[in-house]
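> Give me coordinates for this.
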Amino acid sequence: MKNQTSQQLLGSLCLFLSCMLWACGSGSSSSDPSAPEMLSAAAPASSNGFQIVMQNQSTQFANSDIYWTAVCQNQSGAYCYIDSTGSLIPMSLADNTVSLGTAKNCNDTTTFANYSYPLASLDTLSIPGGSYINSAILYLSVDSFLPICVNKNSAGVITYAPPSFSNPSLQGYNTIFQAVEWTYNINADNTLNINTTNVDEVGMMILLELQDSNTLDSVGFKVSRSNLIQQFAACQDTNFRSLIIPGTSGDTLRILSPEHVMAGMGISSNVVQYFNDFYTDYIDDCWTFYNNKTITIYNNSKSFTGKLMRDTFFFNPGTTFGSPAFFFTKPSSSDVLSASGEFTEGSTDQKNVGKVIASAIYRTVFMESPSDPSDSWCGSSMKQKYFTNAPINYYGLLLHNGSHQGLCYTYGYSDVCSESASLASTTTQQVTLRIRD
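Model (predicted):
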């Protein structure tokens, strides 16, 4: 729901930050009279547009069990859902029509919007050329449409609460689902930026393929869902075993990012505290290591030199330390784990330097000396050291190891050093989302 690299143009991924109110859900079948019209086929994309084809290659889920839901912002910034024709329909409070019994949504009522389509009825979404689509998320879900709560924020603007992956009392929690994030044509150049995000969770195994006028490229998982669950269940750091979230029927709902571990999830208080403090000692060691030392960070063809003084990192442009332009105080563990706090504040240069620092701490290489000082922990030899120093973030390690080319969006700043599962093109013809075992 998240500074672009030179290799992969990442779109604005703000929905996970702007939609923090959640609500509770049970299941619904495709016979629900409030469900969108079921279609057996979709019109082909126009010459400037593209198609999103969803293929179920799983032996665990039948086509009749899978639904897709697409939401986004249009050019005026209004929150919309994308219908079967690829049209952007502004959300309305009147869309909250599906009752889920005693479940409460973000408006403290028991009704939700249903913007989902069964995969068995419609497996291709055609996006017309010239469409402006920002902050889009395509959700795939199992056994249920995905309940969306449309509401108004404090400014009276229509927004929505997406499904919850971390709060058992809120909507969507008991549904297996997976998000794919994308933007299209937001700079009027037909650029599609798309990624399979696991910043929050692993719900389903998706292989993403992008076919454009020149190449076919792919990112996503190469391991099965059951194998990844087994790896977490056998993790030598037993705290990571608690990230496997069971469902009420004995199945596994998801593997949760340690960023979202909280009380009330059936996870022990010791494990909650463990992840709350996960990077605290490492950050203390880093600040001791760099005390009264200078460091030069390179990002987007720019250099910035910093010096740690009185527990604060002061930075200025260039390769020598001079008059500070911005600074960072010692971050908390949660600031690093959630890519938040000071790392998201200040000028563009400050944010870019903050991303480099946060990602180096996340990968526990911040105290390593790059073989090439200009690579800022992005060189191939440095990448081999990611997640090898204590504390090892096994969520990042296992997901990267289980992904094609080692690329996985496990973290808000996975784009730093081009480690995210992202694809981009200005001539996209077809995107294929392969749902795997």
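> now the farthest one out in the protein, which residue is it?
Most distant from the centre of the chain: residue 322, at 37.3 Å, with distances by Cα atoms, centre = their mean.
> Make sure residue 67 is indeed in a strand.
Yes. Residue 67 sits within a strand when classified using DSSP: H, G, I helix; E, B strand; the rest coil.
> got a list of what it touches?
Applying Cβ atoms under 8 Å, 6 or more residues apart in numbering to residue 67 gives the contacts 116, 117, 118, 119, 140, 141, 142, 144, 145, 146. Just so you know, the C-beta spots here come from the backbone N, C-alpha and C atoms, and that holds for glycine as well.
> Where does confidence bottom out across the residues you listed?
Lowest pLDDT of the contacts of residue 67: residue 144, 89.
> sec struct for that one, please.
Residue 144 is classified as coil under three-state DSSP.
> Next, count neighbours for it.
Neighbour count of residue 144, defined by other Cβ atoms under 10 Å: 23.
> Strands of the stretch 301-437 of the chain, residue ranges please.
Applying DSSP state E, counting those that start in this stretch to the stretch 301-437 of the chain gives strands spanning 302-309, 312-317, 326-329, 422-425, 428-436.
> Can you give me the distance of the residue farthest from the centre of the chain to residue 374?
Distance from residue 322 to residue 374, counting by Cβ to Cβ, to the nearest Å: 19 Å.
> Span of stretch 220-236 from start to end?
Counting by Cα to Cα, to the nearest Å, you get 25 Å between the two ends of stretch 220-236.
> thinking again about what came up before, could you dump the contacts of residue 67 into JSON lines and include distance to residue 255?
Below are the contacts of residue 67 laid out as JSON lines (distance: Cβ to Cβ, whole Å):
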{"residue": "116", "distance to residue 255": "23"}
{"residue": "117", "distance to residue 255": "26"}
{"residue": "118", "distance to residue 255": "26"}
{"residue": "119", "distance to residue 255": "23"}
{"residue": "140", "distance to residue 255": "16"}
{"residue": "141", "distance to residue 255": "16"}
{"residue": "142", "distance to residue 255": "15"}
{"residue": "144", "distance to residue 255": "19"}
{"residue": "145", "distance to residue 255": "23"}
{"residue": "146", "distance to residue 255": "19"}
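> which one of those has the most neighbours?
The residue in the contacts of residue 67 with the most neighbours, by other Cβ under 10 Å, is residue 145 (29 neighbours).
> Surely it touches residue 119?
No. With contact defined as Cβ atoms under 8 Å, residue 145 does not count as touching residue 119 (11.4 Å).
> List the residues that contact the residue nearest to residue 64 when sequence neighbours are not counted.
Of all residues not flanking residue 64 in the chain, residue 120 sits nearest, at 4.7 Å (Cβ to Cβ, 6 or more residues apart in numbering). Residues near residue 120 by Cβ under 8 Å, 6+ apart: 30, 62, 63, 64, 66.
> what's the distance between residue 120 and residue 61?
Distance from residue 120 to residue 61, by Cβ to Cβ: 11 Å.
> Any idea what residue 53 is bridged to?
For residue 53, the beta-bridge partners are residue 124, residue 432 (DSSP bridges).
> Is it in contact with residue 434, as I believe?
No. Look at residue 53 against residue 434 with Cβ under 8 Å: they stay out of range, at 9.1 Å.
> What pLDDT is listed against the nearest residue to residue 372 once chain neighbours are set aside?
Distances taken as Cβ to Cβ, 6+ apart place residue 379 nearest to residue 372, at 5.5 Å, with adjacent residues excluded. Listed pLDDT for residue 379 reads 92.
> Residue 205 and residue 435 touch, don't they?
Yes. Using Cβ under 8 Å, residue 205 makes contact with residue 435 at a distance of 7.3 Å.
> Doesn't residue 218 belong to a helix?
No. Assigned with three-state DSSP, residue 218 falls outside any helix and is strand.
> circling back to that earlier point, need the contact list for the residue farthest from the centre of the chain.
Going by Cβ under 8 Å, 6+ apart, residue 322 touches 305, 316.
> Ok, the one 4 residues further on next?
Contact criterion Cβ under 8 Å, 6+ apart gives 314, 315, 346, 347, 349, 350, 353 as the residues in contact with residue 326.
> just residue 232 next, same as before
240, 241, 243, 244, 255, 394, 398.
> And for residue 99?
Residue 99 touches 110, 111, counting by Cβ under 8 Å, 6+ apart.
> Report the beta-bridge partners for it.
Counting by DSSP bridges, the residues bridging with residue 99 are residue 111.
> One more: residue 68?
residue 117, residue 140.
> Look up how far residue 77 lies from it.
Applying Cβ to Cβ to residue 68 and residue 77 gives a distance of 24 Å.
> who has more neighbours, these two?
residue 68 (24 against 9).
> For this protein, which helix or strand comes out least confident on mean pLDDT?
Least confident helix or strand of the chain, by mean pLDDT, DSSP states H and E, is helix 15-18 with a mean of 35.
> Averaged pLDDT, the longest helix along the chain. What do you get?
Using DSSP state H to define each element, the chain has its longest helix at helix 348-362. The average pLDDT within helix 348-362 is 97.
> Against which helices or strands is that helix packed?
Packing partners of helix 348-362 (3 or more Cβ pairs under 8 Å, 6 or more residues apart in numbering; DSSP states H and E): helix 280-289, strand 294-299, strand 302-309, strand 312-317, strand 326-329, helix 333-337.
> 6 Å - rerun?
Here helix 348-362 touches strand 294-299, helix 333-337, going by 3 or more Cβ pairs under 6 Å, 6 or more residues apart in numbering; DSSP states H and E.
> Buried residues, it. List them.
By 16 or more other Cβ atoms under 10 Å, the buried positions in helix 348-362 come out as 349-362.
> For those residues, work out which two are farthest apart.
Across those, the longest distance by Cβ to Cβ is 20.4 Å; it joins 349 and 362.
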